[in-house]
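Colleague: Give me the fold of what follows.
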Amino acid sequence: MTSLALPAAAETFAALRKTLGPLDAEAAGLLVAAATDLALIVDADGVIRDAAFGNADFTDEGCETWLGQLWVDTVTVESRPKIAALLRDAAPGAVTRWRQVNHPSATGIDLPVRYSAMRLETGGPVIVIGRNLRAMAALQRKLAETQQALERDYLRLRGAETRYRLLFQLAGEPVLVVDAATRRVTEVNPAAARLIGRVEKRIIGQDVVDLFDAGSTRELESLFAGLRVTGQAGDLVARLGNGRGETRVAASLFRQENATSALLRLSAEPTDAASPSRSGASALDVIQSLPEGFVVTDPQRRILAANSAFLDLVQLATEEQVRGEPLDRWLGREETEAAALFSTLGHHGSVRHYATSLRGEYGSVEEVEVAAVAVPGGGQPCLGFTIRSTPRRTAAAPGGRELPRSVEQMTELVGRVSMKNLVRESTDLIERLCIEAALRITRDNRASAAEMLGLSRQGLYAKLRRYGIGDLDGPDLADDE
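Modeller: Numbers count the residues shown, from 1 in each chain. Down below sits the predicted model:
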């Protein structure tokens with residue numbers, strides 16, 4: 001290996017020597033130690049005779065133990081040829097090329113150092129200067145990890161795109177993806193191409209309004225105007241071009257790659273069979289007008305349709321705000337309560353008179369009774385729920401005091417309320433009833449009531465305050481024995 005001569009450096013040192021005079025060994029050593037992270041003096045046999053460290057990493061790694069060892073023994077196996085090359089190429093008046101070697105470390109991560117060497121005189125010792133590359137190695141590892149993470153994300157996105165493309169192509173529902181700004185069709189699935197009566201290549205790039213009859217142009221333009229302004233639009237019935245009949249159009253807006261697109265779902269709308277159409281419309285009108293909440297979900301409990309009564313219960317204005325959301329977002333006091341309802345429905349196919357609560361979007365809580373049924377057959381399995389608001393009914397004893405729940409009422413709460421809350425509520429109720437009974441028997445003599453209950457006066461007063469029993473600010477009857 002040819003050494004790299006540095007004539008410019010030699011001239012600079014010659015000028016410094018003329019100005020400052022010759023440097024002694026100690027001054028030269030301090031200068032080298034300050035200019036580098038590591039400086040070694042290696043004799044002609046390759047043994048480290050002296051070392052100076054300008055970086056804390058070397059002292060933490062115990063590099064002081066290198067003194068008296070062969071330089072080649074302080075590095076890893078794959079780095080030994082590089083040490084031999086550095087010692088071989090070191091010559092007077094020239095600096096060897098930089099070589100990166102690794103020193104074994106007690107932490108398990110090798111210590112990378114970049115070395116260059118220069119021999120002071122022929123057959124004499126070698127001055128070795130080194131630079132710590134641990135920070136650079138850490139950056140390289142981080143870069144490699146980041147690159148691997150990006151590749152994993154890329155593969156995951158590719159897999160998701162492949163699944164989306166497959167589902168889009170195999171879906172039986174006709175679907176068009178339209179640029180919301182230009183109304184140009186960007187994607188179309190085979191079901192939509194069959195319904196429209198054109199090949200896919202002739203549909204992509206067309207204005208979606210041109211795919212329909214001219215009589216439906218105004219309704220379609222209003223639909224896109226509503227999407228652009230509010231992000232929502234109601235379903236409409238439009239007539240396809242070339243006399244291919246009517247279809248129901250449902251539109252929803254979404255963003256992708258900094259662009260806004262509209263997803264149009266088409267479904268055949270029969271017009272010849274007048275009676276079934278009218279009866280279906282009547283049934284939908286009845287369901288929408290029901291005073292009780294009615295919800296249809298898919299098997300994963302995501303809402304497909306809901307009537308106005310349900311929207312009132314959850315404090316929302318439009319059906320689009322609940323469509324696609326899980327029903328248990330609003331249903332149930334706790335997660336276990338909704339889970340118990342769905343589990344029973346899955347096992348038995350129907351549920352009746354299931355008492356629970358419905359949480360509104362703005363904090364209201366309504367006690368409700370749910371009836372549900374699973375419809376596994378047909379082209380699209382679904383779940384149906386009717387939700388009826390129930391007033392709070394509490395049994396009361398003479399004098400207006402609430403009676404405790406029966407065992408049957410308590411056991412009905414299992415699965416809807418955690419056992420910890422149920423036990424705490426039962427304990428509090430029993431304590432309050434016992435205190436009220438003791439005060440009634442002793443005619444509000446608190447000292448006698450405390451003795452009867454096995455409590456101290458202070459303990460009784462604390463429980464009275466806790467349950468809000470009696471007038472604690474009035475005259476103390478505890479001494480009227």
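
Colleague: which stretches of the stretch 251-400 of the chain have low pLDDT?
Modeller: The model of the stretch 251-400 of the chain has pLDDT under 70 over residues 268-283, 377-379, 391-400.

Colleague: now do 50
Modeller: 270-280, 394-400 (pLDDT under 50).

Colleague: Surely residue 174 and residue 197 touch.
Modeller: No: between residue 174 and residue 197 there is no contact under C-beta atoms under 8 Å: 11.4 Å. Where C-beta positions appear, they are placed from N, C-alpha and C, glycine not excepted.

Colleague: and those two? which has more neighbours close in?
Modeller: residue 174 (21 against 13; other C-beta atoms under 10 Å).

Colleague: list the contacts for the more buried one?
Modeller: By C-beta atoms under 8 Å, 6 or more residues apart in numbering, the contact set of residue 174 is 189, 191, 192, 194, 195, 196, 247, 265, 266, 267.

Colleague: In strands, which of these fall?
Modeller: 247, 265, 266, 267 (DSSP state E).

Colleague: pLDDT score for the first one?
Modeller: The one in question is residue 247. Reported pLDDT at residue 247 in the predicted model: 87.

Colleague: Could you pull up the contacting residues of it?
Modeller: With C-beta under 8 Å, 6+ apart, residue 247 has these contacts: 174, 195, 237, 238, 239, 240, 266, 267, 268, 269.

Colleague: For PyMOL, write a command that selects the buried ones of those residues.
Modeller: Only the buried entries of these go into this PyMOL selection, using 16 or more other C-beta atoms under 10 Å:
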select buried, resi 174+195+238+239+240+266
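
Colleague: Among the contacts of residue 247, pick out the one closest to residue 382, please.
Modeller: For those, the closest approach to residue 382 (C-beta to C-beta) belongs to residue 267, at 15.5 Å.

Colleague: number of nearby residues for the residue lying closest to that closest one once chain neighbours are set aside?
Modeller: Spatial nearest neighbour of residue 267, chain neighbours left out: residue 248 (4.8 Å); criterion: C-beta to C-beta, 6 or more residues apart in numbering. Look at residue 248: counted by other C-beta under 10 Å, it has 13 neighbours.

Colleague: Am I right that residue 248 is in contact with residue 237?
Modeller: Yes: in this structure, residue 248 is within contact of residue 237 by C-beta under 8 Å, at 5.5 Å.

Colleague: three-state assignment of the spatially most central residue of the chain?
Modeller: Centroid-nearest residue in the chain, with C-alpha atoms, centre = their mean: residue 153, separated by 15.1 Å. At residue 153, secondary structure determined by DSSP: H, G, I helix; E, B strand; the rest coil is helix.

Colleague: Report how many residues lie close to residue 168.
Modeller: Residue 168 - counted by other C-beta under 10 Å - has 15 other residues nearby.

Colleague: so who does residue 375 touch?
Modeller: So residue 375 contacts 381, 382, 383, 384 (C-beta under 8 Å, 6+ apart).

Colleague: likewise residue 146?
Modeller: Applying C-beta under 8 Å, 6+ apart, no residues contact residue 146.
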